[in-house]
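Chemist: Generate coordinates for the sequence data below:
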Amino acid sequence: MSRVLPGPKPAWLRRNVCLSGEALNVEAFLQKSSLNSVCESAACPNRGECFAQKRATFLLMGPVCSRACRYCAVIKGTPEALNEKEPENIAAAAQKLNLNHVVLTSVTRDDLNDGGGAHFAATVAALRRLNPQPTIETLIPDFPASGLLALMAAAPEVINHNIETVERLFSSLRPRASFKRSLAILQEVAENGFLTKSGFMVGLGESHDEVLKLLKTLADSNVDIVTIGQYLPPSPRHHPAARYVPPEEFAEFATAGREMGLKYVFAAPLVRSSYLAEEVFFSLKRKN
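Modeler: Alright, predicted model coming up:
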């Protein structure tokens with residue numbers, strides 16, 4: 001595989017992620033609370049903006065993932081033991097930050113029989129005990145059946161599972177996952193009446209037609225919300241970017257997805273799964 005990158009980042013991908021003011025306060029608060037955020041673990045380019053608005057996506061079950069997907073910046077290795085106090089700690093942090101909409105995600109935990117579904121459910125339950133209650137969005141790995149059932153029983157407002165890439169590239173980028181399994185999770189979530197969300201990256205080597213096919217597949221699976229963003233390699237050791245997709249092409253994808261029946265397509269170079277998740281959720285709620 002060629003390691004030649006598609007050249008310097010174009011203007012539309014350049015963003016200053018230097019933290020200052022309120023953003024530094026949020027970062028310090030998370031560290032003091034011994035909580036992890038995917039904003040930092042995945043080196044999100046939007047973390048300065050989100051932290052400045054007192055927003056963060058909580059990363060459950062530790063910072064170490066049991067898988068080694070070839071595009072991901074999260075630490076790979078042997079995960080640590082679950083912290084039983086984490087659900088209450090996250091609820092306390094959400095209250096301290098005055099969050100109206102809480103986004104929970106996690107590393108993949110193949111070492112746990114349910115993949116961590118019960119831990120997610122306990123965190124949702126802890127958030128439900130707050131007054132006022134925030135709305136809750138969960139971005140989950142490919143849980144086994146028991147984990148998915150536990151999460152659905154906890155009834156978060158949104159269940160998100162990222163498909164990540166087109167079917168042709170899936171097995172090479174996610175060798176321990178299954179495209180069909182991920183679709184089955186999304187379909188089951190939708191069939192159980194949840195607001196269903198998924199996301200994927202472009203610039204990995206997929207074709208324009210493959211993106212349109214994936215959008216149609218997600219629409220046919222009754223997914224409600226889709227996010228699309230530019231893949232940016234976390235390091236030279238990761239899968240290289242094949243190209244930088246221009247903003248006008250993202251706009252084409254968004255229009256095509258809506259025409260296919262998706263309720264909301266959030267597509268732009270720096271869009272990430274949980275970016276502006278609160279605005280997307282409440283926008284859909286107002287429409288309904």
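Chemist: For the rest of this, base every contact and every neighbour count on C-alpha atoms.
Modeler: OK.
Chemist: could you say which helix or strand contains L212?
Modeler: L212 belongs to helix 208-220 when assigned by DSSP states H and E.
Chemist: mind listing what's buried in that helix?
Modeler: For helix 208-220, a neighbour-count test (16 or more other C-alpha atoms under 10 Å) marks 211-212, 214-216, 218-219 as buried.
Chemist: do stretch 27-43 as well
Modeler: When burial is assessed from 16+ other C-alpha under 10 Å, stretch 27-43 yields the following buried residues: 27, 30, 35-41.
Chemist: pull the CA atoms of that stretch into PDB?
Modeler: Taking Å, rounded to 0.1, in the frame of the first residue of the first chain, the C-alpha atoms of stretch 27-43 are listed here in PDB:
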ATOM      1  CA  GLU A  27     -10.000  19.600  29.900                       C
ATOM      2  CA  ALA A  28      -8.700  20.100  33.500                       C
ATOM      3  CA  PHE A  29     -12.100  19.200  35.000                       C
ATOM      4  CA  LEU A  30     -12.200  15.900  33.000                       C
ATOM      5  CA  GLN A  31      -8.600  15.000  34.100                       C
ATOM      6  CA  LYS A  32      -9.400  15.900  37.800                       C
ATOM      7  CA  SER A  33     -12.500  13.700  37.600                       C
ATOM      8  CA  SER A  34     -10.500  10.800  36.100                       C
ATOM      9  CA  LEU A  35     -12.900  10.700  33.100                       C
ATOM     10  CA  ASN A  36     -11.900   9.900  29.600                       C
ATOM     11  CA  SER A  37     -13.300  11.700  26.500                       C
ATOM     12  CA  VAL A  38     -13.200  10.500  22.900                       C
ATOM     13  CA  CYS A  39     -12.500  14.100  22.000                       C
ATOM     14  CA  GLU A  40      -8.900  13.700  23.300                       C
ATOM     15  CA  SER A  41      -8.500  10.000  22.800                       C
ATOM     16  CA  ALA A  42      -9.300  10.200  19.100                       C
ATOM     17  CA  ALA A  43      -7.600  13.600  18.600                       C
END
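Chemist: Please state the offset of the helix holding L212 from the chain centre?
Modeler: Mean-position distance between helix 208-220 and its chain equals 19 Å (C-alpha atoms, centre = their mean, to the nearest Å).
Chemist: Can you give the contact residues for that helix?
Modeler: The contact list for helix 208-220, computed with C-alpha atoms under 8 Å, 6 or more residues apart in numbering, reads 166-167, 183, 202, 253, 256-257, 260-262.
Chemist: Could you do stretch 233-250 as well?
Modeler: With C-alpha under 8 Å, 6+ apart as the criterion, stretch 233-250 contacts 2-6, 9-10, 12, 43, 70-73, 173, 202-205, 228, 230-232, 267-269.
Chemist: try 6 Å
Modeler: Residues outside stretch 233-250 that contact it (C-alpha atoms under 6 Å, 6 or more residues apart in numbering): 6, 70-71, 73, 203-205, 267-268.
Chemist: for it, what is the average pLDDT?
Modeler: Taken as a whole, stretch 233-250 has a mean pLDDT of 94.
Chemist: helix/strand/coil for F200?
Modeler: At F200 the chain is in strand, as set by DSSP: H, G, I helix; E, B strand; the rest coil.
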